[in-house]
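A.B. asks: show me how the following folds:
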Amino acid sequence: MKDGVNGVALAVFILFFVAVTVMGFLAARWRKAENEHSLDEWGLGGRSFGTWITWFLLGGDLYTAYTFVAVPAAIYAAGAAGFFAVPYTILIYPMMFVFLPRLWSVSHKHGYVTTSDFVRGRFGSKGLSLAVAVTGILATMPYIALQLVGIQAVLDVMGIGGGEDTNWFIKDLPLLIAFGVLAAYTYSSGLRAPALIAFVKDALIYIVIAVAIIYIPIKLGGFDDIFAAAGDKYADAGAGGLVPTAASQWTYATLALGSALALFMYPHSVTAVLSSRSRDVIRRNSTILPLYSLMLGLLGLLGFMAIAAGVKVENGQLAIPQLFENMFPDWFTGVAFAAIGIGALVPAAIMSIAAANLFTRNIYKDFLKPDATPAQETKVSKLVSLLVKVGALVFVLGMDKTVAINFQLLGGIWILQTMPALVGGLFTRWFHRWALLAGWAVGMTYGTVAAYGVASPTQKHFGGSSAEIPGIGEIGYIGLTAFVLNLVVTVVLTFVLKAVKAPEGVDETKPGDYTADAGDPGVKAELPPATAGAAH
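C.D. replies: A predicted model of the protein is given here:
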């Protein structure tokens, strides 16, 4: 690590940061709507984004600063097992092609803003809707915190904020400033801000990866030397070289599959999807989003490069920022750091909006103020988006970083338990609402307890996301095991509840709603003020 502040890199970083800040505030005037006081406008960008805007928005949403830092960091620490992120992002897009156009259609038809809106309308259950909403908020909070961790990693490597003995306010002031700017333009511009900034973020990441994959291997003697150095490190550590051992194959496969199933259960993923203007936009994006998976594969190779470059860091999350500072000219280091920093701002904005929409529509309106107007909903959502970001900031500043990482892993386990209600509901109404709620409770409980029991060399609890699969004896992803238990309980109880003729609730949707497009008669992005978001 270079001594002191890297002035050139810092200047370039600040230049890009100021530019996207200006863009964030100007976004309020981009595609400006006649009526800005509705969640359709503030929280979904007017449901008006086309193919390319949606592509950049989804890319900015799913491939975050933490992805940029954590995927190669995992490979740097654990070897090829860290590449699980590549197959899971490949697996999800065919699934996306199948179920997300149906979610878009029914949401567009009925004015649904969140997944919980759909669950409530489909199964006639506020309780199930509440469970989905609370799970989404809980899973999103640590995800936002990790975006701030990504910014903090870049600031640490640039030498900003002083050492550990520095006054806490001075040390964290740069992060506080970044947070304040993020909060301000998100409040002002809503989803339009990250949609506009995503163009800059994704362009920077593609440029940095393209340069890194060519420039760094040249400086290190080529990929032969890079892979040889990585192989030697893993062999010395007893990891069996570059290829994962047979004992870890179940872990790798279940983690990839479980992560793929969970990805579009997250509220921020769905928010980006519902902001598009037609179901064809979603289908087209399912065919071009794999370009990001190609980028992710190249990004993972940076972990091997960090080993070959002799990067030594106590915190693995600093490995890639440190590699950039060691290998790149100072000015391009600033560009790379800006890519990571902006890569944190875009998803953090979308995540806070998604969590705020869940609270507003499915807690505030359903349980606290059923007669809330669209303007009141928008005001509450704006305020809650600020509170969510404050909570994430407190999380980062007040706790050890590993705690944020552990809760994000737990969030993935939790959010997967909403899949039977959401995806199952898109194709069938056979599942009973009470069975879905019981299955969700079993999955949440098992997943949390199992994760609590996982220890690591540095901590006693929540030390990872994999444990022994009951009845099989192999080590696998806890979230997928919990999901299977969830599904079994749901199916069994559905048979029982249907046998005793338990009330099933009212389904407000019709079969044609799931294939409706924007131009079809009767399809509208927002219900009239008197009925928009009304309790079902």
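
A.B. asks: please count neighbours and contacts with C-alpha atoms only from this point.
C.D. replies: OK.

A.B. asks: now do the contacts for residue 211.
C.D. replies: By CA atoms under 8 Å, 6 or more residues apart in numbering, no residues touch residue 211.

A.B. asks: do the same with residue 56
C.D. replies: Applying CA under 8 Å, 6+ apart to residue 56 gives the contacts 195, 198, 199, 202.

A.B. asks: that one and residue 216, how far apart?
C.D. replies: Per CA to CA, to the nearest Å, residue 56 is found 27 Å from residue 216.

A.B. asks: sec struct for residue 10, please.
C.D. replies: Residue 10 falls in the helix class when you classify it by DSSP: H, G, I helix; E, B strand; the rest coil.

A.B. asks: touching, it and residue 334? I think so.
C.D. replies: Yes - between residue 10 and residue 334 there is a contact under CA atoms under 8 Å: 6.1 Å.

A.B. asks: those two: which is more packed in?
C.D. replies: Neighbours around residue 10 and residue 334, counted as other CA atoms under 10 Å, are more numerous at residue 334. The numbers are 27 against 22.

A.B. asks: host element of that one?
C.D. replies: Taking DSSP states H and E as the definition, residue 334 sits inside helix 330-359.

A.B. asks: which helices and strands sit right next to the helix or strand harbouring residue 67?
C.D. replies: Using DSSP H and E, residue 67 sits in helix 65-78. If contacts are counted by 3 or more CA pairs under 8 Å, 6 or more residues apart in numbering; DSSP states H and E, helix 65-78 sits against helix 126-158, helix 290-308, helix 319-327, helix 330-359.

A.B. asks: for the second one, buried residues please.
C.D. replies: So that's helix 290-308. Buried residues in helix 290-308, counted by 16 or more other CA atoms under 10 Å: 290, 292-293, 295-308.

A.B. asks: starting at the chain centroid, how far to that helix?
C.D. replies: Its chain's C-alpha centre and that of helix 290-308 lie 19 Å apart, by CA atoms, centre = their mean, to the nearest Å.

A.B. asks: also the first one?
C.D. replies: Here helix 126-158 shows a centroid-to-chain-centroid distance of 8 Å under the convention CA atoms, centre = their mean.

A.B. asks: residue 406 and residue 511: what is the separation?
C.D. replies: Look at residue 406 and residue 511: by CA to CA, they are 41 Å apart.

A.B. asks: the two: which is more packed in?
C.D. replies: A direct count of neighbours by other CA under 10 Å for residue 406 and residue 511 places residue 406 higher, at 18 against 11.

A.B. asks: rewinding a little: can you list the residues that contact the helix holding residue 67?
C.D. replies: Under CA under 8 Å, 6+ apart, the answer for helix 65-78 is 81-83, 85, 146-147, 149-151, 234, 239, 299-304, 306-307, 316-321, 340-344.

A.B. asks: now that helix: buried residues?
C.D. replies: Judged by neighbour count using 16+ other CA under 10 Å, the buried positions of helix 65-78 are 65-78.

A.B. asks: likewise for stretch 371-378?
C.D. replies: For stretch 371-378, a neighbour-count test (16+ other CA under 10 Å) marks 371, 372, 373, 374, 376, 377, 378 as buried.

A.B. asks: ok, now stretch 387-397?
C.D. replies: 388, 389, 390, 391, 392, 393, 395, 396, 397.

A.B. asks: now do the SS call for the last one.
C.D. replies: Which is residue 397. helix.

A.B. asks: so which of the helices and strands packed on helix 65-78 is nearest residue 60?
C.D. replies: Checking these against residue 60 by CA to CA gives helix 330-359 as the closest, at 6.0 Å.

A.B. asks: show me what contacts the spatially most central residue of the chain?
C.D. replies: Of all residues in the chain, the one closest to the mean position by CA atoms, centre = their mean is residue 62, 5.3 Å from it. Neighbour list for residue 62: 269, 347 [criterion: CA under 8 Å, 6+ apart].

A.B. asks: go on, residue 262?
C.D. replies: By CA under 8 Å, 6+ apart, the contact list for residue 262 reads 412, 415, 416, 419.

A.B. asks: shouldn't it be within a helix?
C.D. replies: Yes - assessed with three-state DSSP, residue 262 lies in a helix.

A.B. asks: ok, it to residue 481 distance?
C.D. replies: 13 Å.

A.B. asks: over to residue 38?
C.D. replies: Per CA to CA, residue 38 is found 40 Å from residue 481.

A.B. asks: and residue 116, by the same measure?
C.D. replies: 24 Å.

A.B. asks: can you check residue 110 too?
C.D. replies: 34 Å.

A.B. asks: local confidence estimate at residue 125?
C.D. replies: Predicted confidence (pLDDT) at residue 125: the value is 94.

A.B. asks: tell me both backbone torsions, phi and psi, for it.
C.D. replies: Reported as degrees, to the nearest 10, the phi and psi values for residue 125 are phi -140, psi 110.

A.B. asks: pretty sure it contacts residue 118?
C.D. replies: No - Residue 125 lies out of contact with residue 118 (CA under 8 Å); the separation is 10.3 Å.

A.B. asks: more neighbours: which of the two?
C.D. replies: residue 118 (24 against 21).

A.B. asks: which helix or strand contains the more buried one?
C.D. replies: Following DSSP H and E, one finds residue 118 within helix 115-123.

A.B. asks: circling back to that earlier point, can you add neighbour count, pLDDT and secondary structure and give the contacts of residue 56 back as CSV?
C.D. replies: Shown next, in CSV, are the contacts of residue 56 (neighbours: other CA atoms under 10 Å; pLDDT from 0 to 100; DSSP: H, G, I helix; E, B strand; the rest coil):
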residue, neighbour count, pLDDT, secondary structure
195, 28, 87, helix
198, 27, 87, helix
199, 18, 87, helix
202, 22, 87, helix
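
A.B. asks: separation between residue 395 and residue 42?
C.D. replies: Here residue 395 is placed at a distance of 26 Å from residue 42 (CA to CA).

A.B. asks: hmm, I was thinking of residue 190
C.D. replies: Here the criterion is CA to CA. By it, residue 190 lies 5 Å from residue 42.

A.B. asks: ok, residue 181 - contacts?
C.D. replies: Taking CA under 8 Å, 6+ apart, one finds residue 21 in contact with residue 181.

A.B. asks: ok but it is inside a strand, no?
C.D. replies: No - using three-state DSSP, the assignment for residue 181 is helix, not a strand.

A.B. asks: name the element residue 485 belongs to?
C.D. replies: Assigned by DSSP H and E, residue 485 falls within helix 478-499.

A.B. asks: now what about that helix, what contacts it?
C.D. replies: 254-255, 257-258, 412-414, 416-417, 420, 430-432, 434-444, 446-447, 450-451, 465-467, 469.

A.B. asks: hey, C-alpha coordinates of stretch 97-109 in PDB?
C.D. replies: What follows is stretch 97-109, C-alpha atoms only, in PDB (Å, rounded to 0.1, in the frame of the first residue of the first chain):
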ATOM      1  CA  PHE A  97     -37.500 -15.300 -19.300                       C
ATOM      2  CA  VAL A  98     -40.200 -17.600 -18.000                       C
ATOM      3  CA  PHE A  99     -41.600 -15.900 -14.900                       C
ATOM      4  CA  LEU A 100     -40.700 -12.200 -14.900                       C
ATOM      5  CA  PRO A 101     -42.800 -11.200 -17.900                       C
ATOM      6  CA  ARG A 102     -45.800 -12.700 -16.100                       C
ATOM      7  CA  LEU A 103     -45.000 -10.700 -13.000                       C
ATOM      8  CA  TRP A 104     -44.700  -7.500 -15.100                       C
ATOM      9  CA  SER A 105     -48.000  -8.100 -16.900                       C
ATOM     10  CA  VAL A 106     -50.100  -8.700 -13.700                       C
ATOM     11  CA  SER A 107     -48.400  -5.900 -11.900                       C
ATOM     12  CA  HIS A 108     -49.000  -3.500 -14.800                       C
ATOM     13  CA  LYS A 109     -52.600  -4.600 -15.100                       C
END
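
A.B. asks: alright, that wraps it up for me.
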